[in-house]
Each structure stands twice: as structure tokens, then as C-alpha cells.
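Undergrad: Got a sequence here, can you build the structure:
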Amino acid sequence: MRNRTSKAAVVDLQGNVARGRTRTPDADPQNFLERFFRIYGLSADAAVRDRSGFLVSPTPLFDRIYYRQHLPWFTRDSVDPLVHYFEQGWLNNTPFHPAIDPVFLMHELEASELTQPLLLTYLEAEEEVNVHPLFNMDVYGSYVRKEDFGRRRLFEVFVGDWPDAVAPFSKLFSLSFYADDERLVRLGRLNPLIHYLSTPRERQTDPNPMFHNLWYDTQYPRVDNSEHLDPLLRYAVVGLKRLDMPNPYAAGELKANAGMLTVQMLFEYVRVDECDRQWFAANGGQPMRRKGGVV
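TA: Residues are numbered from 1 along each chain as shown. A predicted model of the protein is given here:
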């Protein structure tokens, strides 16, 4: 059964997380920090520190460089990112990883409100849940056994051990198609989802052969700021439910004008996990451990 949280930030599934979180009497930052390190069999007092004396996260799910980029410029170099997150950042909903979508994650955790950091809530939940609309742990887990990488969660393996655990991970993001155009991803050196999300939109490569990012963005612009900027993300969260067409040929191929189109039919048209499965089988059928070879 999934852990549920209570009080402080309300989720709007169209894309907003309320900023009005209030610190409750039992919201002790030091307690949060100790529980966080205890998950990995460590103590905050004895944790590794960098040359600046700042705590080093025991999990790749907290990206301190990414977190710093979302702090005010006058505090970026003066605060310990991990300490700041557990003291203040979670209250401000400061992003802590490029491939973790807070709104989506709270929905998956069935958490309408929070009284503790979202990262801690996720790590302490009894069952692992998806953290991003373009990552599917059932797809990735069909190729990668997290037991082979210790007791970490599948998404931690996906983020932290990608060069040693290259495998399809999504129903809407094609690893094989994306790697064809992105050399560093093809060599197994960069995580494809993080690479895609971190690339400026004008330089992004389409990660799905059935979904044309630029065409979709032109045909279905954002309705308001609650919707994702990225076209594929926007499609995954709201566009599919609205029966938006993913490319200029879809309407004719699906005979959408007949009025018989359903969400399931459209999803079957645009999904890529079966194509990735065939590609993966042709490459050995095991998680690909790439140390410089070509996927």
C-alpha cells in the first residue's frame, strides 16, 4: 500500500503545485536529513562532504548542480544545496532533478498535500512509483533487475547506472530512435531522458518517430502556463486525453474524421515500447553495459 502524506502543498494535475506550504511543528529539517541518509545506511553527521564542506548526496536523485541553478543567484555558492533543500527548498518547491516531475510524482504517490520533502516522501514510500511521464518503471523493469544494483529503486538505477544498464524505459520515448540521432546517447555515455530534457528546445531531437515535436507545438500551443513547455510532455499529460493528433499524417491514418477515435486507439498508434523491444532483442536481449561501444 502506498504511503500517503498530509498537509501543505496542493496538487493541480494540470501542472501547478501550490506554493503555500507551511512548516508544521514536527517538520524538523535535521530529522528529514537524518532519515534521508538512514535510507542508505548512513548518518548525516558522518556523511561525505566535498571540498567546500557541503554534503554529498548518497543518491543521484538529488542533483545539486541542477538544484543550485534554481536558487537565487546571491545564494547559489553560499549554501549547502542538500541542507538547503531539507530546510527551505522543499517548502518553495525548488526542483532537485531534471527528470523528476513534482506534480506527476505527487499524483503517483496519491499525495494531495505534503508536510515533508517530496524526495523523502518518494524514498520512504513502500512501493516505487513513476516519477516522470516519460519514464515507465514497468517497461524499464522488464529489462533491468534492480536487485543486480543493490537495494536502490529502478529510477535510481536508471539515473545513476545508465552506462551499465542501458535499456528501453518508456512507452512514448524511443531509446532506439533517439540514439540514432544523438551520438553521445548512442555511445551510452549520456542518459537519453536527461539529455532530452536538458537540451534547449530549438536543438531537441524528436524522441518518438510517431510524434513530431515542432508540428505539435505549432498546432496545439500551450493553453496556459500550467501546461508543460515540452511538446511531448504536454502530449503525454493532456494532449493524449484530448485526442490531439501527434503528427500531420495521423488523422488520415487513423481515420479520425469518422468520429470513432478513442484514447486507447491513439495511444496504440503513438506508443514505441514494442519497437524498442524488438530493437533490444536484436542487440542481445540483456541490459547493455556500454563502456564506449556503440549501442
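Undergrad: could you pull out the helices for the stretch 1-150 of the chain?
TA: 29-38, 64-69, 81-84, 102-108, 118-124, 137-141 (DSSP state H, counting those that start in this stretch).
Undergrad: Now render those helices as JSON lines, adding mean neighbour count, distance to residue 171 and mean pLDDT.
TA: All C-beta atoms are positioned from the backbone trio N, CA, C, and that covers glycine. Formatted as JSON lines, the helices of the stretch 1-150 of the chain follow (neighbours: other C-beta atoms under 10 Å; distance: least, C-beta to C-beta, whole Å; pLDDT from 0 to 100):
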{"stretch": "helix 29-38", "mean neighbour count": "17", "distance to residue 171": "31", "mean pLDDT": "95"}
{"stretch": "helix 64-69", "mean neighbour count": "16", "distance to residue 171": "25", "mean pLDDT": "95"}
{"stretch": "helix 81-84", "mean neighbour count": "21", "distance to residue 171": "33", "mean pLDDT": "96"}
{"stretch": "helix 102-108", "mean neighbour count": "21", "distance to residue 171": "14", "mean pLDDT": "93"}
{"stretch": "helix 118-124", "mean neighbour count": "20", "distance to residue 171": "21", "mean pLDDT": "96"}
{"stretch": "helix 137-141", "mean neighbour count": "18", "distance to residue 171": "6", "mean pLDDT": "95"}
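Undergrad: Looking at those helices, spot the one closest to residue 151.
TA: Of all these, the one in closest proximity to residue 151, counting by C-beta to C-beta, is helix 118-124 (11.3 Å).
Undergrad: Show me what that closest one is packed up against.
TA: Packing contacts for helix 118-124, counted by 3 or more C-beta pairs under 8 Å, 6 or more residues apart in numbering; DSSP states H and E, involve helix 29-38, helix 102-108.
Undergrad: in stretch 144-152, what counts as buried?
TA: The neighbour-count check on stretch 144-152 (16 or more other C-beta atoms under 10 Å) flags 144, 146, 149, 152 as buried.
Undergrad: Make sure residue 159 is actually in contact with residue 98.
TA: No - if you go by C-beta atoms under 8 Å, residue 159 and residue 98 don't touch, sitting 9.7 Å apart.
Undergrad: Could you name every residue contacting both of these two?
TA: Each of residue 194 lies in contact with both residue 159 and residue 98 under the rule C-beta atoms under 8 Å, 6 or more residues apart in numbering.
Undergrad: neighbour-wise, which of those two wins?
TA: Comparing residue 159 with residue 98 by other C-beta atoms under 10 Å, the one with more neighbours is residue 159, at 23 against 19.
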